[in-house]
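Asks: mind folding the following:
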Amino acid sequence: MPVRDLLDLQLLEQWVDEFRNLGYLTGSDIRVLEQQDDTLTHRGLIVVDLSEAATITYLQPISESDGRWKATMEARDTTIELTAVEIVNLGNELNILGALVTFLEVKSRQLLHSS
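Replies: Predicted coordinates:
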């Protein structure tokens, strides 16, 4: 069974809260939005706003995978210019994003093995 079929809005909110409580410092806004599709409701989509890149990133499970997740970054219409400090801050945001994706993969694999 794909992990996506086991996920709902409430579970994703719980996982995001659990990740936040780990204490990672980031300027990114991490939230769960309701994702509607033609077959299921109450599915969640994790959205991360990268403050230094002014772009939105969506996190979702990879279809038909063993619990792996992917990050999709929206295309940008404008060029950004960053100072050295802003580049370091963006790097930190990306590191936290990687930690979040890893966290979601671990939780998903646990969920798959327990069902």
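Asks: buried residues, whatever helix or strand Gln14 lives in. List them.
Replies: Per DSSP states H and E, Gln14 falls inside helix 9-20. Neighbour-count burial for helix 9-20, counted by 16 or more other C-beta atoms under 10 Å, picks out Leu9, Leu12, Trp15, Val16, Phe19. Where you see a C-beta, it was placed from the backbone N, CA and C, and this is true even at glycine.
Asks: for the record, mean pLDDT for that helix?
Replies: Mean pLDDT, helix 9-20: 94.
Asks: stretch 89-102 now?
Replies: Here the average pLDDT along stretch 89-102 is 94.
Asks: would you map the strands across the chain?
Replies: Applying DSSP state E to the chain gives strands spanning 29-35, 43-50, 55-61, 69-73.
Asks: and the top helix by length along the chain, what does it pack against?
Replies: As assigned by DSSP state H, the longest helix anywhere in the chain is helix 84-114. The contact analysis (3 or more C-beta pairs under 8 Å, 6 or more residues apart in numbering; DSSP states H and E) places helix 84-114 against helix 9-20, strand 43-50, strand 55-61, strand 69-73.
Asks: give me the neighbour count for the residue lying closest to Gly27 once chain neighbours are set aside.
Replies: Among residues not flanking Gly27 along the chain, Ser51 sits closest, at 4.2 Å (C-beta to C-beta, 6 or more residues apart in numbering). By the criterion of other C-beta atoms under 10 Å, Ser51 has 15 neighbours.
Asks: hmm, Ser51 is touching Ile30, no?
Replies: No. At 11.3 Å, Ser51 does not count as touching Ile30 under the criterion of C-beta atoms under 8 Å.
Asks: show the backbone phi and psi for Leu22.
Replies: phi -70, psi -20 (degrees, to the nearest 10).
Asks: what separation do you get for it and Trp15?
Replies: Here the criterion is C-beta to C-beta, to the nearest Å. By it, Leu22 lies 11 Å from Trp15.
Asks: what do these two both touch?
Replies: Listed as contacting both Leu22 and Trp15 by C-beta atoms under 8 Å, 6 or more residues apart in numbering are Phe103.
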